[in-house]
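Peer 1: Next come a sequence and a model predicted from it.
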Amino acid sequence: MVASIEQISKWKREKTIGIIGLGDMGLLYATKFSNAGWKVVACDREDLFESMTAVHADASFEVLLNGHYVSRVSDYIIYSVEAANLDKIVSAYGPSSKVGAIVGGQTSCKSPEIRAFEKYLPKDVEIITVHSLHGPKVNTEGQPLVIIDHRSFKKESLLFVESVVSCLKSKHVYLTYEEHDRITADTQAVTHAAFLSMGSAWAKLKVYPWLAEDNKWVGGLENVKVNISLRIYSNKWHVYAGLAITNPHAHQQILQYATSATELFSMCLDNRRKDFVERLMNAKEFVFNSHKGKLLLDDLILEEYSLSKLTKKSEISTDPHSGRDSPSIKQMLPNSHLALLAIVDSWYQLGINPYDHMICSTPLFRIFLGVSEYLFLTPAILEQTINAAMNDQSFRRDDLEFVVAAREWSSLVTFGNFDLYKRQFESVQKFFEPMFPEANVIGNEMIKTILKHSK
Ligand SMILES: NC(=O)C1=CN([C@@H]2O[C@H](COP(=O)(O)OP(=O)(O)OC[C@H]3O[C@@H](n4cnc5c(N)ncnc54)[C@H](OP(=O)(O)O)[C@@H]3O)[C@@H](O)[C@H]2O)C=CC1
Ligand SMILES: O=C(O)C(=O)Cc1ccc(O)cc1
């Protein structure tokens with residue numbers, strides 16, 4: 001059921017939407033809602049009131065002093081703040097919620113958010129919370145938007161929230177908060193762990209992969225690894241720390257990912273080819289057996305998204321099948337792709353079918369699944385990868401650093417230490433910082449292409 005146009009117009013005249021936290025996601029929502037004709041009030045930290053008022057002077061929403069002022073006038077209040085501070089912030093402003101208001105949040109893990117709402121909100125306040133499963137720079141249209149109707153008393157409350165968020169044109173996915181946290185641990189948290197570990201390994205080895213002269217990081221799969229890793233490191237650490245540390249399901253997933261990487265790497269060191277192949281084939285059978293139809297991604301469409309300025313036209317040959325230019329196979333060094341082998345193995349070890357989560361997937365998860373699928377379902381590449389993992393020493397040091405990094409990220413998450421997480425994240429971030437402007441341009445183009453091809 002959807003609300004009638006007359007009803008929505010009436011709500012637009014009478015109701016106010018409040019956003020607490022005017023960072024990347026809060027600003028996205030405040031802008032979209034107010035441009036769609038809703039009355040929106042918003043705030044950031046009280047000490048930033050003057051600068052926020054100046055920055056948003058031309059916006060179609062109004063900046064208020066703090067969350068008390070937002071809460072007391074708003075009919076739907078959305079907290080869009082750092083996960084680690086949410087409890088404190090809801091404890092401060094929650095009791096100021098307007099009588100009969102609906103409250104929700106944007107935090108990436110819902111159990112602590114619901115706990116804080118139940119603890120601090122007055123009993124007359126309803127709780128309908130949301131989560132946009134994409135970053136602030138991604139087009140909201142068609143992306144999953146989780147809606148959790150946790151505590152509503154009136155039938156029209158959900159309709160009202162749906163009407164407010166309808167301007168995002170996202171795909172609504174209805175879950176409980178427990179379902180949400182289980183699924184996002186499988187999808188988001190472990191995806192981030194993989195790309196964080198790749199970045200850490202390169203930073204430890206002081207390698208900018210796109211500049212390496214030995215052609216170790218050439219080709220579509222390598223471009224995905226580099227671009228997504230840099231994309232994550234160019235963002236705010238607290239987003240990744242929050243969703244991994246505050247979600248207990250995520251700890252187990254990230255630990256399994258590190259364990260899979262360690263065990264597969266140990267098999268390579270011990271030259272246990274038979275065990276290695278058997279384990280990968282079991283994982284392949286479990287994850288991809290029922291796969292039908294086209295692959296989510298094709299390596300060739302990704303080849304042009306290299307950060308490398310070294311790829312000269314003379315190194316490009318034309319693929320006889322596609323007619324497209326592609327770097328000569330001779331130029332690419334076969335990679336062990338440990339990061340991709342480990343994710344498929346960890347899905348297998350945990351009995352997770354990643355395709356079950358497509359309705360609730362982020363762009364990065366779909367890309368990670370897409371490249372893993374490409375690797376496992378393109379026979380020549382899987383064989384080349386297995387040979388490289390077993391016989392080729394060129395990636396041993398990279399793989400060793402990757403395994404160490406995966407275990408480090410797992411420990412940081414398990415110990416729940418936000419400060420250490422921040423330090424680790426920021427040290428790698430500093431290493432890659434000079435490349436962010438360029439990486440973001442190329443990464444955005446790559447993601448657009450991937451999303452177009454994977455519809
Ligand atoms: N970025 C993403 O890709 C996504 C993020 N999310 C989730 O959304 C939430 C917000 O993330 P995002 O917008 O990226 O993060 P930001 O850091 O950009 O935004 C959070 C904002 O809240 C402000 N803030 C802190 N304390 C208060 C307070 N007491 N009152 C009002 N505002 C306050 C922060 O100010 P200051 O920085 O000065 O502390 C900051 O501007 C997080 O929980 C995140 O996990 C969900 C989907 C996607
Ligand atoms: O796509 C991803 O995984 C991102 O990195 C962006 C992101 C970050 C946090 C969320 O809660 C949702 C999406």
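Peer 2: Sure thing, it's come through. Ligands and ions are numbered 1, 2, ... in the order given.
Peer 1: Looking at the stretch 251-400 of the chain, which residue is nearest ligand 2?
Peer 2: In the stretch 251-400 of the chain, the residue that lies nearest ligand 2 is residue 362 (3.3 Å; CB to the nearest ligand atom). Yep, even glycine has a C-beta here, placed from its N, CA and C like the rest.
Peer 1: give me the number of residues near that residue?
Peer 2: Residues lying near residue 362 (other CB atoms under 10 Å) number 22.
Peer 1: what's near enough to touch it?
Peer 2: 133, 134, 144, 187, 188, 191 (CB atoms under 8 Å, 6 or more residues apart in numbering).
Peer 1: The third one contacts residue 359, correct?
Peer 2: Yes. Residue 144 is within contact range of residue 359, at 6.5 Å (criterion: CB atoms under 8 Å).
Peer 1: what residues do the two have in common as contacts?
Peer 2: The contact lists of residue 144 and residue 359 share 171, 173, where a contact means CB under 8 Å, 6+ apart.
Peer 1: circling back to that earlier point, tell me the pLDDT at the nearest residue to the residue of the stretch 251-400 of the chain closest to ligand 2 once chain neighbours are set aside?
Peer 2: Spatial nearest neighbour of residue 362, chain neighbours left out: residue 133 (4.7 Å); criterion: CB to CB, 6 or more residues apart in numbering. At residue 133, the pLDDT value in this model is 96.
Peer 1: How about residue 182?
Peer 2: 94.
Peer 1: residues touching it, list them.
Peer 2: Contacts of residue 182 (CB under 8 Å, 6+ apart): residue 249.
Peer 1: Which ones among the contacts of residue 362 map onto strands?
Peer 2: Those of the contacts of residue 362 mapping onto strands are residue 144, per DSSP state E.
Peer 1: Would you format the contacts of residue 362 as a markdown table with neighbour count included?
Peer 2: Putting the contacts of residue 362 into a markdown table (neighbours: other CB atoms under 10 Å) gives the following:
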| residue | neighbour count |
| --- | --- |
| 133 | 25 |
| 134 | 22 |
| 144 | 19 |
| 187 | 24 |
| 188 | 26 |
| 191 | 26 |
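Peer 1: out of the contacts of residue 362, what pair is the most spread apart?
Peer 2: For the contacts of residue 362, the maximum inter-member distance is 14.5 Å, found between 144 and 191 (CB to CB).
Peer 1: Enumerate the residues of the stretch 1-150 of the chain near ligand 2.
Peer 2: Counting by CB under 6 Å from any ligand atom, the stretch 1-150 of the chain comes close to ligand 2 at 108, 133, 134, 135.
Peer 1: can you narrow the residues you listed to ones near ligand 1?
Peer 2: Okay, of those touching ligand 1 (CB under 6 Å from any ligand atom), that's 108, 135.
Peer 1: How about residue 358: what's its closest non-neighbour residue?
Peer 2: Spatial nearest neighbour of residue 358, excluding adjacent residues (CB to CB, 6+ apart): residue 366 at 7.5 Å.
Peer 1: Tell me which residues touch that neighbour, please.
Peer 2: 296, 358, 450, 451, 454 are the contacts of residue 366 under CB under 8 Å, 6+ apart.
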